[in-house]
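J.: Based on what follows, work out the 3D shape:
(chains A and B)
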Amino acid sequence: NAGVTQTPKFRILKIGQSMTLQCTQDMNHNYMYWYRQDPGMGLKLIYYSVGAGITDKGEVPNGYNVSRSTTEDFPLRLELAAPSQTSVYFCASSYGTGGLDGYTFGSGTRLTVV
Amino acid sequence: AQSVTQPDIHITVSEGASLELRCNYSYGATPYLFWYVQSPGQGLQLLLKYFSGDTLVQGIKGFEAEFKRSQSSFNLRKPSVHWSDAAEYFCAANRDDKIIFGKGTRLHILP
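T.: Here you go, the predicted model:
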């Protein structure tokens, strides 16, 4: 049971480039989330999904896009990367609504935009 | 606005000493409450959660937390810390379909 798998683990982007952060879970969880973590700022919710085909914005969605075509996958797309998007990105999933049974987190993607 | 506040950015305790990490929430109604721990370079792991009922909840790794409605608090405690408890701790709250996290408290352990 792999849980939540994020790829890549590290990435350096140049300003203006685009990329997709991959997130896959094998627990048949309905709910999936993308957070970014910046030093001293905790985790900020970027986007979330309550099921395949349904996505919604979180606290800091600007500069990002998501899709949820299957239960398992929830990729995060960065268009026109900016230095402000330098961060550690975490994907999480849960079976119940709002993580009432607790989130399962991936190990994160460390992104640097230069 | 809904928020979760952890007033202490850093806490340092000696190994074997007791620990209390503070958390306050601001919501229209009592949310569901959580504590997570993050070891360096890792994702977050759920320590414990409170939904309703008994206000003292037990978690993994010997941690417990007490919910106090009158103080809008959900403080995390451990009677005796071990060096392996050094990590960052996040309080979190949920009221709709998503969880909001506090900014975290980094715990340092003195030998």
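J.: what's the neighbour count on the nearest residue to B:Q71 once chain neighbours are set aside?
T.: By the measure of CB to CB, 6 or more residues apart in numbering or on different chains, the closest residue to B:Q71 outside its immediate chain neighbours is B:N24, 7.4 Å from it. To be clear about C-beta, it is placed using only N, CA and C from the backbone, and glycine gets the same treatment. B:N24 sits with 17 neighbouring residues when counted by other CB atoms under 10 Å in any protein chain shown.
J.: Which residue does chain A have closest to chain B?
T.: A:F105 (3.2 Å; CB to the nearest CB).
J.: about what we covered before: contacts only, for the residue nearest to B:Q71.
T.: B:4-5, B:7, B:71-74 (CB atoms under 8 Å, 6 or more residues apart in numbering or on different chains).
J.: The lowest-mean-pLDDT helix or strand in chain B close to chain A?
T.: Scoring the helices and strands of chain B by mean pLDDT, DSSP states H and E places strand B:99-101 at the bottom, with a mean of 87. Yes. For a cut-off given as CB under 8 Å from any CB of the partner chain, strand B:99-101 has contacts with chain A, namely B:99-101.
J.: the strands in chain B, which residues?
T.: Remark: strands assigned in chain B by DSSP state E are B:3-5, B:10-14, B:19-21, B:24-26, B:32-38, B:44-50, B:56-58, B:64-68, B:73-78, B:87-94, B:99-101, B:105-110.
J.: coming back round to it: and the contacts of B:N24, which of them are buried?
T.: B:4, B:73-74 (16 or more other CB atoms under 10 Å in any protein chain shown).
J.: need the residues you listed in TSV with pLDDT, can you?
T.: TSV is the format used below for the buried ones among the contacts of B:N24 (pLDDT from 0 to 100):
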residue	pLDDT
B:V4	93
B:S73	95
B:F74	97
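J.: returning to that earlier point: kindly give the local confidence score, pLDDT, for the residue of chain A closest to chain B.
T.: Note on A:F105: pLDDT of 91.
J.: can you pull up the bridge partners for it?
T.: Under DSSP bridges, the beta-bridge partners of A:F105 are A:A92.
J.: Chain B contacts on chain A?
T.: A:4, A:31, A:33, A:35, A:40-43, A:45, A:48, A:50, A:56, A:58-59, A:90, A:92, A:97-100, A:102-103, A:105-108.
J.: Mind doing that once more with 6 Å?
T.: Within chain A, the residues that sit near chain B (CB under 6 Å from any CB of the partner chain) are A:41-43, A:45, A:48, A:50, A:90, A:97-100, A:102, A:105-108.
J.: Report pLDDT for the residue of chain B found nearest chain A.
T.: The shortest separation between chain B and chain A is 3.2 Å, found at B:G43 (distances taken as CB to the nearest CB). The predicted local confidence for B:G43 comes out at a pLDDT of 85.
J.: From A:Y89, how far out is the residue nearest to it when sequence neighbours are not counted?
T.: When the adjacent residues along the chain are set aside, B:G43 lies closest to A:F105, with 3.2 Å between them (CB to CB, 6+ apart). Distance, A:F105 to A:Y89, by CB to CB, to the nearest Å: 11 Å.
J.: With B:S72 instead?
T.: Using CB to CB, one obtains 30 Å as the distance from B:S72 to A:Y89.
J.: Bridge partners for the residue nearest to B:Q71, pull those for me.
T.: Judged by DSSP bridges, the bridge partners of B:N24 are B:T5, B:S73.
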